[in-house]
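1. no FASTA, just this:
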């Protein structure tokens, strides 16, 4: 996520929480009873951890004309709205090293990510054990990160190789991406004491921005380059963007006009499936709407202020005539915030979000995130069959998009509903599967059990 001089994975969706139903947002880490650590042993009462393979995450291809427009807006603008005069990138092979308090899952996830970047995006990137590298990934305590950059779960900066160098340079132009023509070095700072999935998600987003575009666009339905954080890992759209960005046709120092002239042929060659149709018309996200969304997602604001901002964001989205991701996300945020104040209005907002996402053929993973919220209403109302219907499709989607936290939460709902219907064996299978995925999605047994209690508390039986 772009914020001035450096980019980071924002804590909007990653840290956006309230009570009851709003706790059941599987894309964000669970509220722990105490700070979890990756080294905390998980009890023998849980099944072995399950995690995903390193294969691709395929999304439906959009027209290349549309992708070209997205590419240019991602590559030549910061999230603040600041334009970039030229594109910058690493030229030549990119070495990556991993340092700090690193758990075994993070090392494995980084290796898997680099393998995907090599095979899917054609990037010459590799892991090194050498004391120096072009990109350094340093794992440090979450509290240390938050003290220096309160609104970041993780972030990437140019021209430094360690946390100490970052602290020394943080108020200088050294960390300004807009000053670069060529990228020589970068450092990615990730939390060392979070769930395996949260660490993996940070790796995907920050490494993608280290070697690719620096901007994020709320309008993108199929990409990690979006501040809604609906996507946990890089998609085939993201890999296409990174392949074009790092390919032989482009180079550091090129202007937007120069890149725009080459993109149609590049995308036609790399993505023949996109050689159809015209780009759908789109309006840029207004700064007012972005400000209202950020206000609504900030836990530092009062509940009343956040709800008011979410209502204003939804009003703006509707008045602008937006559909798909921005309308859906506006309604989604409002629905989650209204649960305590007005459950009926919350449900209506979430149903609006689901309709917006269902109407967009590229907004698949978003539907699963909304399904978690709707399943909470159904389960708490004793509608067990409806709960099973809501989680059925969403479970497959969560697996497709490699979101273990989302998948495990959906399976917990399934287990509760199956049990209520007298399907003891089906309930036991669902619960066992949910626990295996939850170990990756939520980390410690304490966090897994806490999420199970939250779901169980919604069950009126």
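-> Great, that's in hand. These figures come from a predicted structure and were not determined experimentally.
2. show me what contacts the closest residue to residue 362 other than its chain neighbours?
-> Nearest non-adjacent residue to residue 362, counting by Cβ to Cβ, 6 or more residues apart in numbering: residue 221, 4.0 Å away. (Glycine included, C-beta is placed from N, CA and C.) Residues near residue 221 by Cβ atoms under 8 Å, 6 or more residues apart in numbering: 324-325, 360, 362-363, 366.
3. okay if I get those residues as TSV plus distance to residue 121 and secondary structure?
-> Conversion of these to TSV gives the following (distance: Cβ to Cβ, whole Å; DSSP: H, G, I helix; E, B strand; the rest coil):
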residue	distance to residue 121	secondary structure
324	25	coil
325	23	helix
360	25	coil
362	20	coil
363	23	coil
366	24	helix
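4. can you put the residues you listed in a markdown table and add neighbour count and distance to residue 388?
-> As requested, the contacts of residue 221 are exported to a markdown table (neighbours: other Cβ atoms under 10 Å; distance: Cβ to Cβ, whole Å):
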| residue | neighbour count | distance to residue 388 |
| --- | --- | --- |
| 324 | 21 | 27 |
| 325 | 27 | 27 |
| 360 | 18 | 25 |
| 362 | 19 | 26 |
| 363 | 23 | 23 |
| 366 | 27 | 21 |
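5. closest one to residue 187 out of these, please.
-> residue 325 (30.5 Å; Cβ to Cβ).
6. gap between the closest one and residue 67?
-> Going from residue 325 to residue 67 by Cβ to Cβ, to the nearest Å gives 15 Å.
7. got a list of what residue 262 touches?
-> 249-250.
8. what comes up buried for the strand or helix carrying it?
-> Following DSSP states H and E, one finds residue 262 within helix 256-270. Residues 256, 259, 263, 266-267, 270 are the ones in helix 256-270 that count as buried (16 or more other Cβ atoms under 10 Å).
9. contacts for the very next helix or strand once past it next, please.
-> Counting by DSSP H and E, the next helix or strand C-terminal to helix 256-270 is helix 287-297. Outside helix 287-297, the residues within contact range by Cβ under 8 Å, 6+ apart are 12-13, 16, 81, 218, 227, 301, 305-307, 309-310, 312-313, 316-317, 320, 326, 329-330, 333-334, 337.
10. of those, grab the buried ones for PyMOL.
-> In PyMOL syntax, the buried subset of those is picked out as below (16+ other Cβ under 10 Å):
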select buried, resi 12+13+16+218+227+306+307+309+310+312+313+316+317+326+329+330+333+334+337
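11. out of the contacts of helix 287-297, list just those in strands.
-> Nothing among the contacts of helix 287-297 maps onto strands, per DSSP state E.
12. residue 335 - how many residues pack around it?
-> 27 (other Cβ atoms under 10 Å).
13. so it versus residue 286, what's the distance?
-> 21 Å.
14. and what about the most centrally placed residue in the chain, helix, strand or coil?
-> Most central in the chain under Cα atoms, centre = their mean is residue 229, positioned 3.1 Å from the mean C-alpha point. Look at residue 229: counting by DSSP: H, G, I helix; E, B strand; the rest coil, its state is coil.
15. just the one 5 residues further on next, same as before
-> Following three-state DSSP, we place residue 234 in the coil state.
16. what sits against it?
-> By Cβ under 8 Å, 6+ apart, the contact list for residue 234 reads 57, 113, 116, 204, 208, 224, 242.
17. which ones among those lie within helices?
-> Members of these lying in helices (criterion: DSSP state H): 113, 116, 204, 208, 242.
18. of those, closest to residue 389?
-> residue 204 (31.1 Å).
19. OK, contacts around the closest one?
-> Contacts of residue 204 (Cβ under 8 Å, 6+ apart): 113, 224, 232-234.
20. Serialize those residues to TSV and add fields for distance to residue 197 and pLDDT.
-> Converted to TSV, those look like this (distance: Cβ to Cβ, whole Å; pLDDT from 0 to 100):
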residue	distance to residue 197	pLDDT
113	13	98
224	14	97
232	7	97
233	9	98
234	14	98
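21. can I get the residues you listed in a markdown table with distance to residue 175?
-> Output for those, formatted as a markdown table (distance: Cβ to Cβ, whole Å):
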| residue | distance to residue 175 |
| --- | --- |
| 113 | 24 |
| 224 | 22 |
| 232 | 27 |
| 233 | 26 |
| 234 | 24 |
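22. which one of those sits closest to residue 449?
-> Out of the contacts of residue 204, the member with the shortest distance to residue 449 (by Cβ to Cβ) is residue 232, at 22.5 Å.
23. just checking, that closest one touches residue 403?
-> Yes: the criterion here is Cβ atoms under 8 Å, and residue 232 meets it with residue 403 at 4.6 Å.
24. checking the nearest residue to residue 161 once chain neighbours are set aside next. Helix, strand or coil?
-> Among residues not flanking residue 161 along the chain, residue 136 sits closest, at 4.9 Å (Cβ to Cβ, 6+ apart). Of the three states, residue 136 takes strand according to three-state DSSP.
25. ok, now which ones touch residue 136?
-> 96-97, 99, 161-162, 185-188.
26. name whatever forms a beta bridge with it.
-> Counting by DSSP bridges, residue 136 forms beta bridges with residue 97, residue 187.
27. if I look at it, how far off is residue 234?
-> 20 Å.
28. likewise for residue 424?
-> From residue 424 to residue 234 the distance is 40 Å (Cβ to Cβ).
29. next one: residue 190
-> Distance of residue 190 to residue 234, given as Cβ to Cβ: 16 Å.
30. swap in residue 241?
-> From residue 241 over to residue 234 the distance is 9 Å, taken as Cβ to Cβ.
31. same thing with residue 209?
-> Distance from residue 209 to residue 234, by Cβ to Cβ: 11 Å.
32. for the helix or strand where residue 244 lies, packing partners?
-> Secondary structure from DSSP H and E places residue 244 in helix 236-246. Applying 3 or more Cβ pairs under 8 Å, 6 or more residues apart in numbering; DSSP states H and E, we find helix 236-246 packed against helix 64-75, helix 104-121, helix 196-211, helix 256-270.
33. got these as TSV, with distance to residue 143 columns?
-> Converted to TSV, those look like this (distance: least, Cβ to Cβ, whole Å):
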stretch	distance to residue 143
helix 64-75	32
helix 104-121	18
helix 196-211	15
helix 256-270	40
